[in-house]
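Undergrad: compute the structure for the input listed below.
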Amino acid sequence: MEKFMICMAVLAAAAGIAIVCIRRYYRKRMQAVTQMMLERLDRAIGGEMQEEIFDESVDAAVTERLNRLLELTNMHQEQAETERDTIKSIISNITHQIRTPVTNIMLYTGLLQEIVAASGQDGGVTENISHLLLKLQKQADKLDFFMKELVKSTYTEQEMISLHPEMTDVQEIVAAACQTVELSAMKKGIVIAVQSAGDVQQHGKEETADGILCYADRKWTVEALANVLDNAVKYSPSGSRIDVRLRTGESFLCVEIEDRGCGIREEEQGRIFERFYRAKEVSTEPGFGIGLYLVREVLSRQGGYARVKSAPGEGTTMYLYLSRYAAGAGSPHF
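TA: Down below sits the predicted model:
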């Protein structure tokens, strides 16, 4: 009996040891499988196809499904990019088709106003016609404004801002941006004074015959500067002045745009670059709060940034920083 009990005890101990060993083995095995799956998931997230394993193991099954998932993801991404390009093309075509008649309406209205003013007809008739033409002009301006805002909103919502920065002359960018707001500034008697090239304070990099160079996408950077200038014209009093200055540093080139408008309260200055945000003081003015958001997006995607200096009743100065070098080629500080 005693021998039997000893045998049973030995068997029980052996069984316990075996159970512990088996549990440790499977725990290590599960840890290894889990680690393998995590590594494969990380590679799949990075877009890396997995090596095919031709057996019926769990490893092979996971690899096969990850590859299928990655193929589907790539296919959907390509479809999304194709659809985005299609939408972008459609928007560009629609914008062009709408902008042409709107521009013509505004042009013909202006010509009619000049003809009526110079015709010398009966004063009452001329006054009535001029009044109607003025209303037509205002509606055409409003239609033009909302069309531009709609295009901006669509580009930001659909993430269609596609930048291709290259070395370009910032003076050409500034000139093109000023030209886009020239008419609206003239209507309010606002002077846009741009610093001449000879007055620009040079720093660091020697300028070339191509002008004062920055690393930027010309089309979108013109759009960004035009948005800031448009705000300056919109919120400045008639007969005032807007100054545009250039400063060059080692790594950045700064475009300063200073107006004499209503100014921005300090607590709101950190929010003006948010999408759809509008300060209470300008809530009655037309707009959707998209322009400065677009400015920030364009600059940041090119390695630049924007900041503001303002106070209520003292006007606003926007500082738009553009990189002077292609990515990875610049020197350290402004």
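Undergrad: my read: residue 320 touches residue 252, true?
TA: No - counting by Cβ atoms under 8 Å, residue 320 does not reach residue 252; the two are 9.8 Å apart. Placement of C-beta: from N, CA and C, glycine included.
Undergrad: any common contacting residues for those two?
TA: residue 304 (Cβ atoms under 8 Å, 6 or more residues apart in numbering).
Undergrad: ok, for the residue most central in space within the chain, nearest residue in space, not its chain neighbours?
TA: For the chain, the residue nearest the mean C-alpha position is residue 297 (2.6 Å; Cα atoms, centre = their mean). Nearest residue to residue 297, sequence neighbours excluded (Cβ to Cβ, 6 or more residues apart in numbering): residue 161, at 5.9 Å.
Undergrad: pull the contacting residues for that neighbour.
TA: Per Cβ under 8 Å, 6+ apart, neighbours of residue 161: 155, 220, 294, 297, 298, 301.
Undergrad: you'd agree the residue nearest to the centre of the chain is in a helix?
TA: Yes - per DSSP: H, G, I helix; E, B strand; the rest coil, residue 297 lies within a helix segment.
Undergrad: that one and residue 271, how far apart?
TA: Residue 297 sits 15 Å away from residue 271, going by Cβ to Cβ, to the nearest Å.
Undergrad: again with residue 324
TA: Residue 324 is 29 Å from residue 271, by Cβ to Cβ.
Undergrad: those two: who's more crowded?
TA: Between residue 324 and residue 271, counted using other Cβ atoms under 10 Å, residue 324 has the larger neighbour count: 27 against 13.
Undergrad: would you list the phi and psi of that one?
TA: Here is the backbone geometry of residue 324 (degrees, to the nearest 10): phi -90, psi 0.
Undergrad: so who does the nearest residue to residue 244 once chain neighbours are set aside touch?
TA: Spatial nearest neighbour of residue 244, excluding adjacent residues (Cβ to Cβ, 6+ apart): residue 194 at 4.5 Å. By Cβ under 8 Å, 6+ apart, residue 194 lies in contact with 174, 175, 178, 244.
Undergrad: pLDDT score for the residue nearest to the centre of the chain?
TA: In the predicted model, residue 297 carries a pLDDT score of 88.
Undergrad: for the strand or helix carrying residue 35, packing partners?
TA: For residue 35, the host element (DSSP states H and E) is helix 2-45. Under the contact definition 3 or more Cβ pairs under 8 Å, 6 or more residues apart in numbering; DSSP states H and E, helix 2-45 sits against helix 58-119.
Undergrad: pLDDT weak spots in the stretch 151-300 of the chain?
TA: 151-160, 196-210, 282-284, 286-288 (pLDDT under 70).
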